[in-house]
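predicted model and sequence follow; I will ask about them next.
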Amino acid sequence: MIVVRGIPQGSIDWINLRLGIPTASRFHSILTPKTRQFSKESESYAIELVTERITVQVVDFDKTDWMGRGTGLEPEARAWYRFNQEVDVEEVTFCYTDDKQAGCSPDGLVGESGILELKCPSAVTHMSHLLGRSNPALPTQVQGQLWVTGREWCDVVSWCPGLPPVLIRTPRDEAFQADLDAALAKFQVGLQRALQKIQGLGVVGRIEGFGEDDSDTLLADLYASVEEAKK
């Protein structure tokens, strides 16, 4: 794991760190959480990443009001977690895999084996979490963060002022990790071949370490990689 520190999450510099690589918050577009099969969304997600690599611009990133709410409330949620669990939480900017081909933005690293993910939903959504009708721990995001960081567990906190917080600890699921690893490997093959093809057309962008590609059709290898998911 490669850890970047000192840059605020949500900033332009943070966005640039994520540019053109799959991140845990979008792993559901590669592996369908319920079926654990390669996702039909993988094609459109790969095209987004190809576009970001070539244009060196983020695709459709809009900092919504709810994201702004989360940014404002996260410090008090993190402070509550530190006090409640009696632990130190290291705030980080971004975590890459060792090959920098994927990454995630945990809301903190806890000790040597944990990570923290903070959710600041609406009161209605939070109430649903309190009643056990929904789960703030999204499996692909949580397991994806554990996949990127190599850590053993993730504490997810749902925080809404005026209501009791929800804390859910999710351990590393090795079976899910294996399925995610296979899906990401398949996705990366298609993504890299697509980038190679674009490079072969003389388009210059944020492409590093890619060679020639013999494919005759633009993105053909990428389309082939998701053919099964379309059936």
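Good, I have the coordinates. Residues are numbered from 1 along each chain as shown.

show the model's pLDDT score for Val56.
pLDDT for Val56: 81.

shouldn't it be in contact with Ile15?
No: using CB atoms under 8 Å, Val56 is not in contact with Ile15, being 11.2 Å away. Quick note: C-beta positions are derived from backbone N, CA and C, even for glycine.

low-confidence regions, the protein specifically.
For the chain, residues meeting the criterion pLDDT under 70 lie at 60-71, 202-231.

mind running it again at 80?
59-72, 198-231 (pLDDT under 80).

could you chop this structure up by domain?
Domain assignment for the chain, taken from automatic domain parsing, gives 20-57+175-231, 64-172.

roughly how far out does the longest one sit from the chain middle?
The chain centroid and the centroid of domain 64-172 are separated by 12 Å, computed with CA atoms, centre = their mean, to the nearest Å.

again with stretch 40-52
Between the centre of stretch 40-52 and the centre of its chain there are 14 Å (CA atoms, centre = their mean).

circling back: of the domains of the chain, which is nearest Ile2?
Evaluated over the domains of the chain, closeness to Ile2 peaks at domain 64-172, with 4.2 Å, by CB to CB.

if we can go back for a sec, for Gln9, find the nearest of the domains of the chain.
Going by CB to CB, the one of these nearest Gln9 is domain 64-172, 5.5 Å.

which one's more surrounded, Val56 and Ile15?
Neighbour tally, Val56 and Ile15, criterion other CB atoms under 10 Å: the higher count belongs to Ile15, 16 against 13.

ok, and the closest non-adjacent residue to that one?
Nearest residue to Ile15, sequence neighbours excluded (CB to CB, 6 or more residues apart in numbering): Val58, at 5.3 Å.

in a helix, the one you found, correct?
No: applying DSSP: H, G, I helix; E, B strand; the rest coil, one finds Val58 to be coil, outside a helix.

on that earlier part again, and of the domains of the chain, who's closest to Val3?
Closest to Val3 of those, according to CB to CB: domain 64-172, at 5.4 Å.
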